[in-house]
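J.: When you get a sec, could you give me coordinates for this:
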Amino acid sequence: MSLHKDLLNQASQLATHEPRRPKQASLRRAVSAAYYALFHLLVDSASRVVVSGQGQEVLRQQVGRALGHTDMKKACQAWAGWNPGSPAQPLGRLLPGGPDPRVVIVSNAFVELQQARHEADYDLSRRFSRSDVLALVRLAKEAFQAFSEMPKHHEHKRIFLLSLMFHGRWKR
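T.: Residues are numbered from 1 along each chain as shown. Okay, the predicted model is just below:
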């Protein structure tokens, strides 16, 4: 099984680990695992768009290291708030009809999960309930589902994945 699928399973397990009174540590790690599941799904997929073929795992891993959390978030925010006429939307000419709605689902989930992960990891005053965490895990699962529904060579999927890596440079 792949890392991103393992992390998604781990998020579900951590969210339901203690049956009566879940520990904040378990809930916080579940939020983090849900975010990293989506992060690694996108990193793996984007690196496979850039480096295809058998026997290229080392190069693919190196390419995946070029993807950063902040740049990916900015790209996802652009997809989630799609405005083709905006100068901040460099992809408008590539997708004049707007993005596939499944890309928007993945983008929104990425932004929301990253924010929740920051709160889980750094805001100790924030208390997480099991229902909050289960909703975030469900959000990650919905993003996985939307992503998997798009064919491997779907044009919007390819452009989305490339934008995660090149978004800042495509504005030029």
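
J.: contact partners of stretch 147-167?
T.: 41-42, 45-46, 49-50, 66-67, 71-72, 74-76, 78-79, 90-91, 94-95, 99-100, 102-103, 106-107, 170 (C-beta atoms under 8 Å, 6 or more residues apart in numbering). C-beta: built from backbone N, CA, C; applies to glycine.

J.: measure the residue located most distally from the centre of the chain to Ala30 for me?
T.: Residue farthest from the centre of the chain, counting by C-alpha atoms, centre = their mean, is Arg20 at 30.2 Å. Using C-beta to C-beta, to the nearest Å, Arg20 is found at 16 Å from Ala30.

J.: Just give the closest residue to Phe109, not the sequence neighbours.
T.: Not quite, residue 109 is Ala, not Phe. Nearest residue to Ala109, sequence neighbours excluded (C-beta to C-beta, 6 or more residues apart in numbering): Ala143, at 3.6 Å.

J.: Could you verify my assumption that the one you found touches Glu112?
T.: No - counting by C-beta atoms under 8 Å, Ala143 stays clear of Glu112, with 9.4 Å between them.

J.: between the two, which one's more packed in?
T.: A direct count of neighbours by other C-beta atoms under 10 Å for Ala143 and Glu112 places Ala143 higher, at 25 against 19.

J.: what about that one, distance to Glu119?
T.: With C-beta to C-beta as the criterion, Ala143 and Glu119 are 18 Å apart.

J.: Next: Arg60.
T.: 32 Å.
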